[in-house]
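K.L.:
this is a predicted model, with the sequence first.
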Amino acid sequence: REREAAQTGWFWIDPSPGFNWSSGDNRLTKLRRARTIALAMAILLARGGERVGVLGQQSRSGQRAGERLAQDFLAPMRDAEAPPRSCIVFLSDFYAPVETWRDRLSAAAGAGATGALVNIADPAEEDFPFRGRTLFLEPGTRTEALIGRAETAREDYAERLEAHRHAIRELGARLGFPAILHRTDHAPAPTLAMLIALVSERFG
């Protein structure tokens, strides 16, 4: 069982309401893009003879592994104990506090797991294109913030976002989970290629 776990590619996709969001009706949500990247990665691993699975659920193998995993992605995602010496790909916007991610990744690393962090971002979160009087709402909550001149907050927002991401990147690098940034207005193929390069050595 321990050897099987070590040869399985596990995926964890952020279940937060804010992750199932996009800044435009014609743009994919972060959640949908995360599922696309994870599923593509899983199919490639399965074709190579590896097992794949959603963290906390049953692992899959064979020609129908991708189809079954796609269904697994629709089930409520939860934190689960990392299998020994496994490979785990976390896909999120990583807006949860650094302490939350420190606990999650430390627990995984303590079991001997390594993997990657795929940071999925909407272009509006990257560019902060807002101007004038703007009401910001946090998805899934009643939290809101009204800014009279949104453009005046752009610089402070960018600094805080970069500081938070820097802390996540450092944490991931120290615990064996290097980070990749992906924007939903960019093609997923380059991110998938980088992800493959990061985790392929786990299946050597």
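P.N.:
Yep, it's here. Here the structure is a predicted model, which means the values were calculated and not measured. Numbering: from 1, shown residues only.

K.L.:
would you map the strands across the chain?
P.N.:
Along the chain, the segments classed as strands by DSSP state E run 8-13, 51-54, 59-60, 87-92, 114-121, 134-137, 144-147, 179-183.

K.L.:
how big is the angle separating the longest helix along the chain from strand 87-92?
P.N.:
Counting residues, the longest helix in the chain under DSSP state H turns out to be helix 154-175. For helix 154-175 against strand 87-92, the angle by axes from the mean of the first three to the mean of the last three C-alpha atoms, to 10 degrees is 170 degrees.

K.L.:
contacting residues for the most centrally placed residue in the chain?
P.N.:
Per C-alpha atoms, centre = their mean, the C-alpha nearest to the average position across the chain is that of residue 91, at 1.1 Å. Counting by C-beta atoms under 8 Å, 6 or more residues apart in numbering, residue 91 makes contact with 11, 12, 13, 14, 34, 37, 38, 118, 120. C-beta: built from backbone N, CA, C; applies to glycine.

K.L.:
same thing with residue 118?
P.N.:
Counting by C-beta under 8 Å, 6+ apart, residue 118 has contacts 34, 37, 89, 90, 91, 92, 179, 180, 182, 191, 195.

K.L.:
how about CSV for these, with distance to residue 142 and pLDDT added?
P.N.:
Formatted as CSV, the contacts of residue 118 follow (distance: C-beta to C-beta, whole Å; pLDDT from 0 to 100):
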residue, distance to residue 142, pLDDT
34, 25, 98
37, 31, 98
89, 32, 97
90, 28, 98
91, 27, 98
92, 23, 98
179, 31, 97
180, 33, 97
182, 30, 98
191, 33, 97
195, 36, 96
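
K.L.:
and which of those is nearest residue 131?
P.N.:
residue 182 (26.0 Å; C-beta to C-beta).

K.L.:
tell me how far that closest one lies from residue 32.
P.N.:
Going from residue 182 to residue 32 by C-beta to C-beta, to the nearest Å gives 13 Å.

K.L.:
those two: which has the busier surroundings?
P.N.:
A count of neighbours by other C-beta atoms under 10 Å puts residue 182 above the other of residue 182 and residue 32, at 22 against 14.

K.L.:
I'd say residue 19 and residue 92 touch.
P.N.:
Yes - here residue 19 reaches residue 92: they are 6.6 Å apart, a contact under C-beta atoms under 8 Å.

K.L.:
hey, what's in contact with both of those two?
P.N.:
Listed as contacting both residue 19 and residue 92 by C-beta under 8 Å, 6+ apart are 13, 34, 120.

K.L.:
in stretch 93-104, what counts as buried?
P.N.:
For stretch 93-104, the neighbour count (16 or more other C-beta atoms under 10 Å) marks 93, 94, 95, 101, 104 as buried.
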